[in-house]
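Participant: what follows is a predicted structure for the sequence shown.
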Amino acid sequence: MGLFHKVMVANRGEIAVRIIRACKELGIPTVTVYTEQDANAIHITKADQAIMVTPGPVAGYLDYAQIIEVAKWAGADAIHPGYGFCAENWQFAQACEDAGITFIGPPPEAMRQMGDKVLARKLADEAGLPIVPGSPVIDIEDPGQAKEWAAKIGFPMLIKAKGGGGGRGMRRVNDEAELLAGLPGASREALRNFGDPAVYLEKLILEPKHIEIQILGDKHGNIIHLGERDCSIQRRHQKIIEIAPSLVLTPEKREEMGELAKKAAALLNYHSVGTMEFLVDRDLNFYFLEMNTRIQVEHPITELITGIDLVAEMIKAAAGERLTIKQEDVRLNGYAIECRINAEDPRNNFFPSPGRITRYQSPGGIGIRLDGCVYGGYEVPPYFDPMLAKLCAWGNTWEEVLNRMDRALEEYIIRGIKTTIPFYRQVLKHEDFRSGLFTTNFLAQNMPSLTYLDVREPWDLFYVAGATLFCELNQIAKK
Ligand code: MV4
């Protein structure tokens with residue numbers, strides 16, 4: 001038996017620890033990498049072996065040729081990339097396979113196809129997934145063409161950059177005049193930001209939810225879906241709170257989206273884990289946005305409601321094992337929520353707050369899961385993603401999970417640096433959040449009240465008054 005002789009964990013932080021834990025439970029030794037500036041990182045102490053790569057602080061983690069060399073030298077026969085860094089680089093996945101090392105992830109060809117967001121939209125369309133009504137690339141010299149597409153799509157629309165993605169390079173236009181006036185600027189901006197002037201049109205989905213379907217498959221063509229996560233609570237296209245399941249999807253809609261996602265994944269000869277992202281409007285119409293070909297930050301909430309260890313499953317699938325879970329065995333039990341605890345100052349526009357943690361006390365108790373990578377005395381380096389930990393709660397009901405998360409946030413003590421913990425307690429109190437009906441606009445609409453209503457000291461009342469005034473003036477300015 002034995003799935004692999006040794007797994008190279010090619011990442012850092014909480015996800016490296018998460019993968020090492022899965023390997024330990026499967027009886028697989030681990031080796032990891034680190035850079036010089038990351039010598040106090042926790043993943044080094046959790047792995048069986050750790051090897052320094054150069055140069056630091058970040059480039060070593062991105063140098064996949066070096067990581068493959070180190071893996072070979074250490075005798076690893078598989079590499080888990082985690083998320084970020086090399087995780088969605090199809091050339092890395094291909095280079096692993098070429099070096100005779102199993103890439104613990106999807107097939108490189110599917111990664112390549114989904115990495116091209118315009119190709120992904122086309123393939124999704126061909127696979128029968130609904131996509132947002134839109135145009136091909138528009139010739140900005142030809143106003144007739146833009147007008148023709150606008151008539152088909154309808155206003156309001158977005159001008160999107162072909163080379164964009166992640167929400168960058170989008171422009172709202174409300175009528176034909178704004179469209180024609182906006183096209184040249186959008187194209188120039190696209191050229192400047194993405195090196196490609198190509199732009200296209202898409203119908204603007206108003207107040208959407210961001211809902212994603214989790215897929216799991218093996219190398220024998222078996223694919224299941226594990227329901228959805230609602231990731232609508234985002235700040236500048238960074239997710240900060242996720243919940244599973246969504247409070248608005250009906251079982252029928254979940255089944256429809258899940259089955260379509262499985263069908264599209266099958267057409268890609270997909271295996272391992274993957275996520276299909278959708279925009280969902282008020283009437284539960286859904287539109288494919290993009291596919292993530294990696295284990296995602298927010299995977300624990302799916303694990304909490306399904307009882308399935310996604311990282312262990314992806315390791316087993318990579319080793320060629322058959323999926324033992326059938327679709328009809330997947331039951332969504334209760335509710336889960338994740339708060340990403342970041343070293344940021346919510347009262348200073350979420351400015352990064354690296355530095356030494358002078359006091360650290362983690363929450364626990366029933367229904368709480370903490371995937372973290374920091375400890376008392378640790379110096380949070382300024383070079384990496386500011387996420388210190390993912391605090392997850394599970395509950396039988398939405399009400400129970402909200403109360404449990406708030407209790408855990410209250411217990412969580414991190415001193416010496418600023419964190420997003422107090423901010424999340426404000427979000428959890430908000431009626432629009434508690435209703436479950438929140439959309440991707442929630443944070444932008446409510447930021448001043450969320451960042452300043454945390455009255456702990458008398459002088460905080462001045463912040464509240466200032467924020468309220470700011471909010472009002474903003475509303476007036478918009479009209
Ligand atoms: C949209 C949209 C509304 N209509 N496209 C932003 C990130 C990128 N992946 C796509 N994004 C959006 N595309 C149409 N046609 C609204 C967004 C959007 C968004 C999407 C997901 C999560 C958060 C968001 C926040 C603002 C806008």
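Facilitator: Perfect, thanks for sending it.

Participant: pLDDT below threshold where in the protein?
Facilitator: Scanning the chain for pLDDT under 70 picks out 1, 165-167, 452-457, 468, 471-472, 474-475, 478-479.

Participant: close to the ligand: what parts of it are there?
Facilitator: Residues of the chain lying near the ligand by CB under 6 Å from any ligand atom: 132, 158, 166-167, 202-205, 208, 210, 234, 237, 279, 289, 440. Just so you know, the C-beta spots here come from the backbone N, C-alpha and C atoms, and that holds for glycine as well.

Participant: same thing but at 5 Å, please
Facilitator: Taking CB under 5 Å from any ligand atom as the test, the list of the chain residues beside the ligand reads 132, 167, 202, 204, 205, 210, 234, 440.

Participant: among those residues, name the ones in strands.
Facilitator: Among the residues of the chain next to the ligand, the members found in strands (DSSP state E) are 202, 210, 234.

Participant: who wins for neighbours among the residues you listed?
Facilitator: Within those, most neighbours by other CB atoms under 10 Å means residue 210, with 21 neighbours.

Participant: run through the bridge partners of it.
Facilitator: residue 279 (DSSP bridges).

Participant: domain-wise, how is the protein divided?
Facilitator: Per automatic domain parsing, the domain ranges recorded for the chain read 7-104, 133-203, 209-449.

Participant: export the ones you listed as TSV, with columns for distance to residue 458.
Facilitator: TSV is the format used below for the domains of the chain (distance: least, CB to CB, whole Å):
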stretch	distance to residue 458
domain 7-104	37
domain 133-203	39
domain 209-449	17
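
Participant: of those, which approaches residue 123 most closely?
Facilitator: Ranking the domains of the chain by proximity to residue 123 (CB to CB) places domain 209-449 first, at 7.2 Å.

Participant: for the residue in the stretch 351-479 of the chain that the ligand sits nearest to, which non-adjacent residue is closest in space?
Facilitator: Going by CB to the nearest ligand atom, the ligand is nearest to residue 440 of the stretch 351-479 of the chain, at 3.6 Å. The spatially closest residue to residue 440, leaving aside those adjacent along the chain, is residue 232, at 5.0 Å (CB to CB, 6 or more residues apart in numbering).

Participant: for that neighbour, helix, strand, or coil?
Facilitator: Classification of residue 232 using DSSP: H, G, I helix; E, B strand; the rest coil returns strand.

Participant: tell me the contacts of it?
Facilitator: 208, 209, 210, 211, 438, 439, 440, 442 (CB atoms under 8 Å, 6 or more residues apart in numbering).

Participant: strands of the stretch 51-200 of the chain, start to end?
Facilitator: Here the stretch 51-200 of the chain has its strands, by DSSP state E, counting those that start in this stretch, at 78-80, 102-103, 134-137, 157-165, 168-173, 199-203.

Participant: between strand 199-203 and the fifth one, find me the angle.
Facilitator: With axes from the mean of the first three to the mean of the last three CA atoms, to 10 degrees applied, the angle from strand 168-173 to strand 199-203 works out at 60 degrees.

Participant: sorry, back to before: for residue 120, find the nearest of the domains of the chain.
Facilitator: Nearest to residue 120, of the domains of the chain and by CB to CB, is domain 209-449 at 5.7 Å.

Participant: span of the closest one from start to end?
Facilitator: Start-to-end span of domain 209-449 (CA to CA, to the nearest Å) is 21 Å.

Participant: for residue 315, give its distance to residue 81.
Facilitator: The spacing between residue 315 and residue 81, counted by CB to CB, to the nearest Å, is 12 Å.

Participant: shared neighbours, these two?
Facilitator: residue 104.

Participant: show me what contacts the residue lying farthest from the centre of the chain?
Facilitator: Distance from the C-alpha centroid of the chain, by CA atoms, centre = their mean, peaks at residue 144 (38.8 Å). When the contact criterion is CB under 8 Å, 6+ apart, residue 144 has no partners at all.

Participant: residue 199 versus that one, what's the distance?
Facilitator: Using CB to CB, we find residue 144 at a distance of 16 Å from residue 199.

Participant: likewise residue 352?
Facilitator: Residue 352 is 32 Å from residue 199, by CB to CB.

Participant: and for residue 235?
Facilitator: Look at residue 235 and residue 199: by CB to CB, they are 26 Å apart.

Participant: and if you look at residue 37?
Facilitator: Where residue 199 is concerned, residue 37 sits at a distance of 40 Å (CB to CB).

Participant: who has more neighbours, the two?
Facilitator: residue 199 (29 against 16).

Participant: so that one bridges to which residues?
Facilitator: residue 161.

Participant: got a list of what the residue nearest to residue 219 when sequence neighbours are not counted touches?
Facilitator: Using CB to CB, 6+ apart and skipping residues adjacent in sequence, the residue nearest residue 219 is residue 271, 5.0 Å away. Neighbouring residues of residue 271 by CB under 8 Å, 6+ apart: 106, 107, 217, 218, 219, 223, 317.

Participant: and those residues as TSV, adding neighbour count?
Facilitator: Shown next, in TSV, are the contacts of residue 271 (neighbours: other CB atoms under 10 Å):
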residue	neighbour count
106	28
107	20
217	25
218	22
219	16
223	20
317	23
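
Participant: can I get those residues in a markdown table with secondary structure and distance to residue 459?
Facilitator: Putting these into a markdown table (DSSP: H, G, I helix; E, B strand; the rest coil; distance: CB to CB, whole Å) gives the following:
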| residue | secondary structure | distance to residue 459 |
| --- | --- | --- |
| 106 | coil | 53 |
| 107 | coil | 58 |
| 217 | strand | 56 |
| 218 | coil | 59 |
| 219 | coil | 61 |
| 223 | strand | 57 |
| 317 | helix | 56 |
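
Participant: please report how far residue 412 lies from residue 399.
Facilitator: Residue 412 is 21 Å from residue 399, by CB to CB.

Participant: compare those two (neighbour count), which wins?
Facilitator: The neighbour comparison of residue 412 against residue 399 (other CB under 10 Å) goes to residue 412, with 22 against 11.

Participant: list the contacts of the more buried one.
Facilitator: Counted by CB under 8 Å, 6+ apart, residue 412 has contacts 341, 361, 362, 363, 391, 421.

Participant: apply 6 Å and report the result again.
Facilitator: 363, 421 (CB atoms under 6 Å, 6 or more residues apart in numbering).
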